[in-house]
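Chemist: coordinates only, sequence not included:
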């Protein structure tokens, strides 16, 4: 992933992320309840085709990516409600076709989010920063949860997650935001108080939504009765198990970057 971020030109990067999205779509079809290999391959092909159409539309109309990111951000707000209400409102989304459509709302905005970040000045630094937020939130949540994790965050969805872990993850991402801002201010461009405030807002929202990406996949797996999205990565489950937080964090961060007009260039 790091190699792709730093060394691939934007066109090759689009194919790289598109491949990851296609494999994740093959796994999502299983989460949606489709067990037939042909159906799962067909669903992955539909997602790949949707990515291609999206790329074409983005090249002809610059506003397309803003609309898709806005839809993606709105979906994660809805997802918060679904996770909080699980399993009381399962009837709203348990039908296979609905879960298949939800895969579109998860995977297509992720691809668009990556492409939006890749097109920004100092794109590699921005993408790595978002990755650090995700990894930091996970790491902080792990250690805080192990130490103080008594009150459960979403016991019906993911019993291992706690409120202590949630706040520990936010504290870690806040520290990352401070260090990143100081580095940018020292070596790239002056960071005003307004710049830092906007970055802090985007950081905390992204960190919260990254947790939601993990919880949504956990909710889908629990409803489906499976532990991992697949066994493609021995010992680590599937691709979706590795990118669930990215699928939520990347499009949301990209959306707020565009909304606030925040960038690393002076």
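Modeler: Everything's here; your move. As the structure is a prediction and not an experimental result, all values here were calculated from the model.
Chemist: how close does the nearest residue to residue 260 once chain neighbours are set aside get to residue 192?
Modeler: Nearest residue to residue 260, sequence neighbours excluded (C-beta to C-beta, 6 or more residues apart in numbering): residue 198, at 5.0 Å. Placement of C-beta: from N, CA and C, glycine included. For residue 198, the distance to residue 192 equals 10 Å [C-beta to C-beta, to the nearest Å].
Chemist: Next: residue 159.
Modeler: On the measure of C-beta to C-beta, residue 159 and residue 192 end up 43 Å apart.
Chemist: what does residue 144 give?
Modeler: Residue 144 is 31 Å from residue 192, by C-beta to C-beta.
Chemist: which non-adjacent residue is nearest residue 129?
Modeler: Counting by C-beta to C-beta, 6+ apart, residue 180 is the residue found nearest to residue 129 once chain neighbours are left out, at 5.7 Å.
Chemist: And for that neighbour, the neighbour number?
Modeler: 19 (other C-beta atoms under 10 Å).
Chemist: same check, this time on residue 198
Modeler: By other C-beta under 10 Å, neighbour count at residue 198 equals 17.
Chemist: Just to check, it is in contact with residue 263?
Modeler: No. Taking contacts as C-beta atoms under 8 Å, residue 198 lies outside contact range of residue 263: 10.3 Å.
Chemist: So for residue 3, what's the pLDDT?
Modeler: At residue 3, the pLDDT value in this model is 84.
Chemist: and it, what helix or strand is that in?
Modeler: Here residue 3 sits within helix 2-7, counting by DSSP states H and E.
Chemist: And residue 237, how close does it get to residue 196?
Modeler: 37 Å.
Chemist: what's the answer for residue 188, then?
Modeler: When distance is defined by C-beta to C-beta, residue 188 is 13 Å away from residue 196.
Chemist: and the helix holding residue 3, how far from the chain's centre?
Modeler: 18 Å (C-alpha atoms, centre = their mean, to the nearest Å).
Chemist: Now that helix: buried residues?
Modeler: Neighbour-count burial for helix 2-7, counted by 16 or more other C-beta atoms under 10 Å, picks out 4, 5.
Chemist: Output the contacting helices and strands for that helix.
Modeler: Contacts defined by 3 or more C-beta pairs under 8 Å, 6 or more residues apart in numbering; DSSP states H and E place helix 2-7 against helix 10-31, helix 123-148.
Chemist: Include distance to residue 106 when you put these into CSV, please.
Modeler: CSV is the format used below for the helices and strands packed on helix 2-7 (distance: least, C-beta to C-beta, whole Å):
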stretch, distance to residue 106
helix 10-31, 7
helix 123-148, 15
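Chemist: Could you dump the ones you listed into TSV with mean pLDDT and distance to residue 55 added?
Modeler: Formatted as TSV, these follow (pLDDT from 0 to 100; distance: least, C-beta to C-beta, whole Å):
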stretch	mean pLDDT	distance to residue 55
helix 10-31	96	6
helix 123-148	93	17
